[in-house]
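# A predicted structure for the sequence below; I have some questions about it.
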Amino acid sequence: MKFSANSVWENRDGYDVAVIGAGHAGCEAALACARLGLRTVIFTVSVESIALMPCNPNIGGSSKGHLVREVDALGGEMGKVIDRTFIQSKMLNQSKGPAVHSLRAQADKSLYSRTMRRVLEEQENLDIKQAEVVNLLTEETEGRKKITGVQICSGGIYRCRAVVLCTGTYLRARCVYGDVSMETGPNGLQAANHLTDSLRELGIQMYRFKTGTPARIDRRTVDFSRMEEQKGDERIVPFSFATDPEQIQKEQVSCWLTYTNEKTHEIIRKNLDRSPLFSGMIEGTGPRYCPSIEDKVVKFADKKRHQVFIEPEGLETNEMYIGGMSSSLPEDVQYEMYRTVPGLEHAKIVRNAYAIEYDCIDARQLRPTLEFRNIDGLFSGGQFNGSSGYEEAAAQGLVAGINAARKLQGKEGIVLDRSQAYIGVLIDDLVTKESHEPYRMMTSRAEYRLLLRQDNADQRLTKIGYEVGLISEARYQRLLEKEKLILEETQRLEKTYVGTSSDVQELLEKYKSTALTSGINLAELIRRPELSYEKLAPVDKDRPVFPGWLGEEVQEQVNINIKYKGYIERQKRQVEQFRKMESRKIPEDIDYDQVKSLRLEALQKLKAYRPVSVGQASRISGVSPADISVLLVYMEQFRR
């Protein structure tokens, strides 16, 4: 049953878009709509929870760093805010190729939240409202439901033409550890208990997922001498392409590495019957790639130890995060378990670890624009779509916000494909593939990851952000200048030859590179594994001086483009084949019952998902290559 208020009244402020939820998805969605000229209101159960980090106190990481860079390139805010609020920064996977390099920053959680809140408060066209949304209001038009507004718990009705759902982990949220079960959202904040009924009444299919978080401990009770210190990078690289690297070089805090041991594992095994995960008390499905410590001990029984990262939550708090040891065990067991870890023998818990269950949707109900297929004007982003992670949420929120605005402006929605962005992979996986657990972005999910590097996100996506209206003219012109410099420098290196002079031979000997017997161009030398653009500077007499901090980016791109030229060109050819399938659009009104020779499973899946292209159809579980061939033949006949 829908929520029923004692009295109903109507707000007269007048909005175009209502964003429900002010986490990382909601912030990006609301800012995008407001910046594109739409009158926007963002609802949150608490203004204190805007851009909250209820779990890990960091932004980025493997593949997630790519998403943050892409959000920034499109005109989003996450990268800029973490550049202003980080306390440690590291580039991960530097020993591997550039495709998997990922930036990760430790955040001052409280400062990050306050900073993002301030951005929202200062944004023109955007109002913040603390209230629980309990009903979505719709009307029937030509046999289709259409959004007309939302209703809050006081009975107030806010009329709008589009809604973006970014409820995160708050819908019917329940926090659990041991025998304790509390009907609250993360960090003890109010849950949103009524909207689910309204969604179900609109025919939206719901899932019940769960995630978890470890305990927070008092820094003063940690013995860091028994742990390995983890320092940040000497040279800090910003997330945002608009951030001057020189402005963010600063002293960083340390994180610490320690390990569980057999004693830890024995305590966990002895108390599994008290864990809600194993007792059946928790119904929701948890994330496979971010398991609790109980899951790790059971599933990887042969492992003698697991990594544990001790990370500060901010500069003005003693709370430390125990990364790698999320749990829903009872409080007494948590104390016993954590105190077996070297350095945590006397640890005092500030906040208990817990698991949280929440309602989310089957994202296959969405178009690739993140609009519900059956409800005009209703968009969805973030963990509510069945994903996990702040970065995945921000990426979806930005796309949902952009497309909500474009729909109201009478423009076609933007859809990033799998060859353009990690965001394209993320959204395509969510709306196309069956998933019964929270989705986590990984580099292995991206088929074209050599092209989708974090370092070139601006070259891939800034033009789209500019055309949408979220990237300024000045920033776009800077990108064009950068691309011009990269091209000119690459061409110069291909044409610049060096001979067998002593200074060249000495440099090659220094890096254990084969000596020259004849002249060679600098590009060929850069392609040698042991050499690079930077290392060849002493023998490159005509090397230009690039303006400002643009120079670092140009040199990085020149080095990668030359060193991996063969691999990049091969992947571009693969993308050409992929795009042929993506360009074969399927008519919206196609009657799959008329497509003879489709297998029954394929027929059912195609009718249910209504893919927009042959490429998307080919990625649906249960649709075989033979089914695609049949579909292509029918489409050709249909066209004629």
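Cool, the structure landed. None of the values given here were measured: they were computed from a predicted structure.
# next, L479: phi, psi?
phi -60, psi -40 (degrees, to the nearest 10).
# and it, what does it touch?
With contacts defined as Cβ atoms under 8 Å, 6 or more residues apart in numbering, the neighbours of L479 are 241, 458-459, 462-463. For every residue, glycine as well, the C-beta is placed using N, CA and C.
# same deal with S292?
Contacts of S292 by Cβ under 8 Å, 6+ apart are 212, 277, 286, 326-328, 355.
# same question for Y112.
51, 53, 59, 81-82, 85.
# can you tell me which two in the residues you listed are farthest apart?
Maximum pairwise distance among the contacts of Y112 (Cβ to Cβ): 11.4 Å, between M53 and V81.
# just to revisit the earlier point, which one of the contacts of L479 is nearest R543?
Q459 (21.9 Å).
# tell me how far that closest one lies from G26.
Distance of Q459 to G26, given as Cβ to Cβ, to the nearest Å: 29 Å.
# for G168, same thing?
G168 is 8 Å from G26, by Cβ to Cβ.
# which neighbours do those two have in common?
Joint contacts of G168 and G26 (Cβ under 8 Å, 6+ apart) are G382.
# out of the two, which sits in the more crowded spot?
G26 (31 against 28; other Cβ atoms under 10 Å).
# just checking, that one touches V41?
No - between G26 and V41 there is no contact under Cβ atoms under 8 Å: 11.2 Å.
# please enumerate the shared neighbours of the two.
With Cβ under 8 Å, 6+ apart as the test, G26 and V41 both reach V19.
# so where's the stretch 201-350 of the chain uncertain?
Applying pLDDT under 70 to the stretch 201-350 of the chain picks out residues 279-289.
# next one: the worst-scoring helix or strand of the chain on mean pLDDT to chain centre, how far?
None of the helices or strands of the chain scores lower by mean pLDDT, DSSP states H and E than helix 276-279, at a mean of 72. Between the centre of helix 276-279 and the centre of its chain there are 29 Å (Cα atoms, centre = their mean, to the nearest Å).
# so which bits of it are buried?
By 16 or more other Cβ atoms under 10 Å, the buried positions in helix 276-279 come out as 276-278.
# cool, and stretch 533-543?
533, 535-536, 539-540, 543.
# run through who's touching that stretch.
So stretch 533-543 is contacted by 492-493, 496, 498, 503-504, 507, 511, 522, 525-526, 555, 558-559, 562 (Cβ under 8 Å, 6+ apart).
# and that stretch, how far apart are its ends?
10 Å (Cα to Cα, to the nearest Å).
# tell me, how many neighbours does G519 end up with?
Neighbour tally, G519, other Cβ under 10 Å: 10.
# I'd say it and Y497 touch.
Yes - with contact defined as Cβ under 8 Å, G519 and Y497 form a contacting pair (4.7 Å).
# the more surrounded of M53 and V81?
Per other Cβ under 10 Å, whichever of M53 and V81 has more neighbours is V81, with 26 against 22.
# that one in helix, strand or coil?
Here V81 takes the helix state, with states given by DSSP: H, G, I helix; E, B strand; the rest coil.
# again with the one 10 residues further on
In three-state terms, and counting by three-state DSSP, M91 is strand.
# any idea how far I204 is from the residue nearest to the spatial centre of the chain?
The centroid of the chain falls nearest to E392 when counting by Cα atoms, centre = their mean (2.2 Å). Separation of E392 from I204 (Cβ to Cβ): 20 Å.
# do the same with R570
For R570, the distance to I204 - Cβ to Cβ - is 43 Å.
# ok so, going back, mind putting the buried residues of stretch 533-543 into a markdown table with secondary structure, pLDDT and distance to R114?
Listed next are the buried residues of stretch 533-543 as a markdown table, based on DSSP: H, G, I helix; E, B strand; the rest coil; pLDDT from 0 to 100; distance: Cβ to Cβ, whole Å:
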| residue | secondary structure | pLDDT | distance to R114 |
| --- | --- | --- | --- |
| Y533 | coil | 97 | 41 |
| K535 | coil | 97 | 43 |
| L536 | coil | 97 | 46 |
| V539 | helix | 96 | 50 |
| D540 | coil | 96 | 47 |
| R543 | coil | 95 | 44 |
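# CSV please, covering those residues and showing distance to V333.
Formatted as CSV, the buried residues of stretch 533-543 follow (distance: Cβ to Cβ, whole Å):
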residue, distance to V333
Y533, 54
K535, 54
L536, 58
V539, 63
D540, 62
R543, 62
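# so between R570 and I204, which is more surrounded?
I204 (19 against 12).
# contacting residues for that one?
Counting by Cβ under 8 Å, 6+ apart, I204 has contacts 361, 365, 372, 375.
# out of these, which are inside strands?
361, 375 (DSSP state E).
# which of the contacts of I204 lies closest to E437?
I361 (14.0 Å).
# that closest one touches N385, doesn't it?
Yes - contact status for I361 versus N385: in contact at 6.3 Å, counting by Cβ under 8 Å.
# show me which of these two is the more surrounded one.
Taking neighbours as other Cβ under 10 Å, I361 and N385 compare with N385 leading, 29 against 21.
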